[in-house]
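>>> Take a look and give me a structure for this.
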Amino acid sequence: MTTPSADWFYAQGSLERDGWESVVDKSISGWRYTGIRVAVLAAGDSVSLAAEAVERIVVPLAGSFSVRYTLAEETETRVQELAGRASVFHGPTDTLYLPTGTALSIEGTGRVAVAEAPTDQTLPVAYIPKTDVPIELRGAGRSSRQVHNFGTPASLAADRLIVCEVITPAENWSSYPPHKHDEYREGAESSLEEIYYFETAVTRGQIAPETASPFGFMRTYSSKTGDIDIMAEVHTGDVALVPFGWHGPCVAAPGYDLYYLNVMAGPDPDRSWRISDDPAHGWIRGTWSGQEFDSRLPYNS
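Numbers count the residues shown, from 1 in each chain. Below you'll find the model as predicted:
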C-alpha cells in the first residue's frame, strides 16, 4: 500500500513549533538522520537552540544574521556575522558549520535555515564566506540548474551532514533524471534521508501582477526499499521528506523560478552522495552532450 503523500509533504507553516516556521526532527515518525529548522525574523527577533548531539549548518535564506554560539566544554560565547543575501535567487550565501554539543542563538532580519544531523563526533567550526562557495552548473538545456555546494563532502568537513542548494530557472527541470539513494551498496549507492525545503519567485527580469502565485512541482515514487507517492505543487516554505524512493523531477513552472535546500544524512560508514538513476530514465543524461547550458545562469547577487 502506498504511503500517503501527507506523511512526507508539508505545506508552509504546518510544521510550526517553538518560534520556528518549520521544524523537521526525530519527532516525525520514521525520521532519524536529518533535520531542518526555518525561522522568519523581524528586527530585534532571535531564535535559540540548546546544545544537543547534532552537527548544524546555519544558512541565511534572505537577509543577514549574527550567530552567537558556545562550544561544548567552553563558557566563552563566540560571534559570527553572516552577510547573507537579498534572496535565495541572488547567488550563494555565507554559511556556518557548528559541531555537536554547540548551543547557539541567531539574531537578524529575514529568513534563516538550520540544517541538522545527529552525531557524537566533534569537528572544527567552519565559516564559509559566500565568495568561497563552489558554484556548480549541472545538466544542460532545459535540465540546466545551479548548485551551491557549501556543505558537500568536497567542501566541508562534517561527520554525517550533506547540504547544498539548487536554483532551477523558469521552465527548467532539476533532480532529473529521477534517482534514489536508499540502500547502501559500497562504492555504488548511498543510504541517505533527504529533506527538500522550497522557495519560489517570479523569474528574473519578469514583471508580474500582484496576483501572481509562484509555484513548481516535485515528484517522488516507490522503489523496492519502500512505498511512497508524492506529486506536489510546491510554494515558498513547503517541505518534502524523502525517506526512500525515486525522486525527481523538480519542475519550475513558466514564469517562476524554483529553489530548494537539500539536507541529507544516513547510517553509512562513509559520508558520500552516491545515486542510482531510474533505469527507465537514466538514458536522458546522454542527450545533454552538445546541448548549450541555459544562458540565464548563474544567478548571482
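
>>> Show me where the stretch 151-300 of the chain has its strands.
Taking DSSP state E, counting those that start in this stretch, the strands of the stretch 151-300 of the chain run over residues 162-168, 173-174, 179-180, 182-185, 189-191, 193-202, 216-223, 226-234, 239-242, 246-252, 256-265, 276-277.

>>> And these: which comes nearest residue 292?
With C-beta to C-beta as the measure, strand 173-174 is the member of the strands of the stretch 151-300 of the chain nearest residue 292 (15.8 Å). (Glycine included, C-beta is placed from N, CA and C.)

>>> Could you check how far residue 291 is from residue 247?
Counting by C-beta to C-beta, to the nearest Å, the gap from residue 291 to residue 247 is 23 Å.

>>> And the two? Which one has more around it.
Using other C-beta atoms under 10 Å, the more surrounded residue of residue 291 and residue 247 is residue 247, with 26 against 13.

>>> nearest spatial neighbour of the more buried one, skipping sequence neighbours?
The shortest distance from residue 247 to any non-neighbouring residue, by C-beta to C-beta, 6 or more residues apart in numbering, is to residue 220 (4.4 Å).

>>> What residues does residue 232 make contact with?
Residues in contact with residue 232 (C-beta atoms under 8 Å, 6 or more residues apart in numbering) are 5, 9, 217-219, 238, 240.

>>> same thing but 10 Å
5, 8-11, 196, 198, 215-220, 238, 240 (C-beta atoms under 10 Å, 6 or more residues apart in numbering).

>>> which of those residues are buried?
Neighbour counting by 16 or more other C-beta atoms under 10 Å classes 8-10, 196, 198, 215-220, 238, 240 among the contacts of residue 232 as buried.

>>> And the furthest pair within those?
8 and 215 (18.7 Å).

>>> before we move on, back to that, specify the stretch among the strands of the stretch 151-300 of the chain that is closest to residue 139.
Nearest of the strands of the stretch 151-300 of the chain (C-beta to C-beta): strand 173-174, 7.2 Å.

>>> residues near the residue lying closest to residue 245 once chain neighbours are set aside, how many?
Nearest non-adjacent residue to residue 245, counting by C-beta to C-beta, 6+ apart: residue 228, 4.3 Å away. Residues near residue 228, counting by other C-beta under 10 Å, number 24.

>>> what's the answer for residue 108, then?
23.
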